[in-house]
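**Student:** Using only what follows, build the 3D model:
(4 chains)
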Number of protein chains: 2
Amino acid sequence: MATGRTHRPATRSRGIPEATVARLPLYLRALTALSERSVPTVSSEELAAAAGVNSAKLRKDFSYLGSYGTRGVGYDVEYLVYQISRELGLTQDWPVVIVGIGNLGAALANYGGFASRGFRVAALIDADPTMAGKPVAGIPVQHTDELESIIEDNGVSIGVIATPAGAAQQVCDRLVAAGITSILNFAPTVLSVPDGVDVRKVDLSIELQILAFHEQRKAGEEAAAEGAVPAAAASRKQSSHEGPDGDVPAVMPA
Amino acid sequence: MATGRTHRPATRSRGIPEATVARLPLYLRALTALSERSVPTVSSEELAAAAGVNSAKLRKDFSYLGSYGTRGVGYDVEYLVYQISRELGLTQDWPVVIVGIGNLGAALANYGGFASRGFRVAALIDADPTMAGKPVAGIPVQHTDELESIIEDNGVSIGVIATPAGAAQQVCDRLVAAGITSILNFAPTVLSVPDGVDVRKVDLSIELQILAFHEQRKAGEEAAAEGAVPAAAASRKQSSHEGPDGDVPAVMPA
DNA sequence: TCATGTGAATCGATTCACAGCT
DNA sequence: AGCTGTGAATCGATTCACATGA
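**Tutor:** You can find the predicted model right below:
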């Protein structure tokens, strides 16, 4: 990721590994569910199962936060909810702006789990002047011209980009210039940002392509496992399309 | 391997690291852009910059696919587009079903970059009977009852879950039972699936929480860096809310 | 001469396995 | 007796640095 990995004084005692940080929200979600069912304590084994990881990893992850468990017993659910929330910075609330109120932007604005956990949609911004004032998810859309003042006035530090690819870098530059230091990018573009600005991307198309890779590999293995039977290789999977080589590259390798 | 491929030492397909697979779509996107501008060749340095990675990593990644470059020159753009497309399984088309046509599901159905690269929305499925027949993105929504027959009839192997969290596992189970072996999950739930089924998740809330973690850390460091100046620590960032400890856990550690 | 391709070194994350505490 | 917390071992991914070949 384009995380500004520059001059960090290193050896910060708050040296929580990135992989661990990425799992904390998962633990938090599982713990919140337990909390709602008034479960008082949970073992690493149970919680790990609920979060979909293995227990050794979970214990190691928690060990970076401190010793919050009780040997022989497990973890106190409420206490852990609080500690993880605090570690993630969810005990304060984070105003967020969404830029690009098309289908996706509107869906994000309507997404409930948003506001629930420390995040608040401070503004919706779109370049289309005919959208200005129109409410989406109960929030009036504002024009891009207002971007800088909105961010300044609301002390926004997290921005969500849901524009078309072509506009993303430009929007990103304006967000950064206006003081945004964390960006969640839904546009299929590589954003370049100065050091100190974090970017995370969510890319449907990339996810599908990764799935397709594995899917293809499964199909190949299945065919290979079919062994002696040469024809009738397809059980159910692909039905359309001819062979995988309908089309040959124009240029051959050197 | 079913591919009637020409040369190629083969047996390599097995060894592509997951981290490399996850970057191939990124390279492909950058290469496609170059291809559209009729750029004939590109160096690892240039392509890496376009994809937002460093060149050593890119070369290593490509080395898993084979030796597709020319020393002293670089990579042939068209040829590489083809090789990566084939490696990712994008030379065939993949029918996809989207289950859960709410705001998000509809946005996904409308997402263009979908169809462009080897994926085709074969069906939209929703549990709400009043939606049945209503077209979204030009495709009529079908009722969940039809799920199994849709998947079977269209040879679908990739499913997208965009339902509320509560319905996700149930939908997942039905998809898997019907023959789906790859799932892209947008619901904030840990799905459990049998071996052989791939799940990837996209979770807005998790991404925001990860950003909040880093954002909080930046704010802390900034305050620390402010050093001697004790008050007036905030430059512009947070403006609302008091300190991070407004609220204390009900339960103390053991 | 130049950029690829790749062993070797490094770094980070996961897993193992058990000591230490309740 | 049982579960956490953590060193040590392992595994995978990244980076380095240079030999290789166009």
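
**Student:** first to last residue in stretch A:186-206, what's the distance?
**Tutor:** By CA to CA, to the nearest Å, the extent of stretch A:186-206 from end to end equals 11 Å.

**Student:** is it anywhere near chain B?
**Tutor:** Yes - applying CB under 8 Å from any CB of the partner chain, one finds stretch A:186-206 touching chain B at A:Pro188, A:Val190, A:Ser192, A:Gly196, A:Asp198, A:Arg200, A:Val202, A:Asp203, A:Leu204, A:Ser205, A:Ile206. To be clear about C-beta, it is placed using only N, CA and C from the backbone, and glycine gets the same treatment.

**Student:** check contacts around the second one.
**Tutor:** Contact analysis of A:Val190 by CB atoms under 8 Å, 6 or more residues apart in numbering or on different chains lists A:Ala2, B:Leu26, B:Ala30, B:Ala50, B:Ala51, B:Gly52.

**Student:** how much space is there between the closest residue to A:Pro40 other than its chain neighbours and A:Ser35?
**Tutor:** Nearest-residue entry for A:Pro40: A:Val77, 6.2 Å, with adjacent residues in sequence omitted and distances by CB to CB, 6 or more residues apart in numbering or on different chains. When distance is defined by CB to CB, to the nearest Å, A:Val77 is 5 Å away from A:Ser35.

**Student:** can you check A:Val81 too?
**Tutor:** With CB to CB as the criterion, A:Val81 and A:Ser35 are 6 Å apart.

**Student:** These two: which is more packed in?
**Tutor:** A:Val81 (22 against 17; other CB atoms under 10 Å in any protein chain shown).

**Student:** does the more buried one count as helix, strand or coil?
**Tutor:** helix (DSSP: H, G, I helix; E, B strand; the rest coil).

**Student:** and the closest residue to it other than its chain neighbours, what element?
**Tutor:** Distances taken as CB to CB, 6+ apart put A:Leu31 closest to A:Val81, at 4.9 Å, once the chain neighbours are dropped. Assessed by DSSP states H and E, A:Leu31 sits inside helix A:18-36.

**Student:** Mind listing what's buried along that helix?
**Tutor:** By neighbour count with 16 or more other CB atoms under 10 Å in any protein chain shown, helix A:18-36 contains the buried residues A:20-32, A:34-35.

**Student:** which one of these sits closest to DNA strand D?
**Tutor:** A:Thr20 (11.3 Å; CB to the nearest atom of the strand).

**Student:** and A:Val42, backbone torsions?
**Tutor:** phi -150, psi 140 (degrees, to the nearest 10).

**Student:** Look up how far A:Ala33 lies from it.
**Tutor:** 11 Å.

**Student:** Show me what from chain A comes close to DNA strand D.
**Tutor:** Residues of chain A lying close to DNA strand D by CB under 7 Å from any atom of the strand are A:43-45, A:55-56, A:59-60, A:62-63, A:67-75, A:254.

**Student:** Quick one: end-to-end length of stretch A:83-102, please.
**Tutor:** End residues of stretch A:83-102 are separated by 37 Å (CA to CA).

**Student:** so does stretch A:191-198 get close to DNA strand C?
**Tutor:** No - judged by CB under 7 Å from any atom of the strand, stretch A:191-198 stays clear of DNA strand C, getting no closer than 14.6 Å.

**Student:** what's the span of that stretch, first residue to last?
**Tutor:** End-to-end distance for stretch A:191-198, by CA to CA: 10 Å.

**Student:** buried ones in that stretch?
**Tutor:** Applying 16+ other CB under 10 Å to stretch A:191-198 flags A:Leu191, A:Val193, A:Val197, A:Asp198 as buried.

**Student:** out of those residues, who's nearest B:Ala109?
**Tutor:** Nearest to B:Ala109 out of the buried residues of stretch A:191-198 is A:Leu191 (CB to CB; 25.6 Å).

**Student:** so who does the closest one touch?
**Tutor:** A:Leu191 touches A:Ala2, A:Ile161, A:Ala168, A:Gln169, A:Cys172, A:Ile183, A:Asn185, A:Val199, A:Lys201, counting by CB under 8 Å, 6+ apart.

**Student:** give me the subset of the buried residues of helix A:18-36 touching DNA strand C.
**Tutor:** Answer for those near DNA strand C (CB under 7 Å from any atom of the strand): A:Thr20.

**Student:** Which parts of the stretch 101-250 of chain A are strands?
**Tutor:** For the stretch 101-250 of chain A, the strands defined by DSSP state E, counting those that start in this stretch cover A:119-126, A:135-136, A:139-143, A:158-161, A:182-185, A:198-201.

**Student:** which of those sits most buried?
**Tutor:** strand A:158-161 (a mean of 26; mean count of other CB atoms under 10 Å in any protein chain shown).

**Student:** mean confidence score for that strand?
**Tutor:** Mean pLDDT, strand A:158-161: 98.

**Student:** now swap in stretch A:120-133 and tell me
**Tutor:** Stretch A:120-133 comes out at a mean pLDDT of 97.

**Student:** next one: stretch A:172-192
**Tutor:** On average, stretch A:172-192 scores 98.

**Student:** Distance across it, terminal residue to terminal residue?
**Tutor:** Across stretch A:172-192, first to last residue, CA to CA, it's 8 Å.

**Student:** swap in stretch A:82-98?
**Tutor:** One end of stretch A:82-98 to the other measures 28 Å (CA to CA).

**Student:** chain center to that stretch: distance?
**Tutor:** For stretch A:82-98, the separation from the chain centroid amounts to 15 Å (computed by CA atoms, centre = their mean, to the nearest Å).

**Student:** how about that stretch against chain B, any contact?
**Tutor:** Yes - Stretch A:82-98 reaches chain B (CB under 8 Å from any CB) through A:82-83, A:86-96.

**Student:** does A:Val96 belong to a helix or a strand, and which?
**Tutor:** strand A:94-99.

**Student:** quick one: average pLDDT of that strand?
**Tutor:** For strand A:94-99, the mean confidence score works out to 97.

**Student:** do the same with stretch A:102-110
**Tutor:** On average, stretch A:102-110 scores 96.

**Student:** Please enumerate residues in contact with that stretch?
**Tutor:** Counting by CB under 8 Å, 6+ apart, A:98-99, A:101, A:114, A:121, A:124, A:126, A:136-137, A:139, A:160, A:162-164, A:186, B:102-104, B:106-107, B:110-111, B:204 sit against stretch A:102-110.

**Student:** Nearest to chain B: which residue in the stretch 1-150 of chain A?
**Tutor:** A:Gly89 (3.2 Å; CB to the nearest CB).
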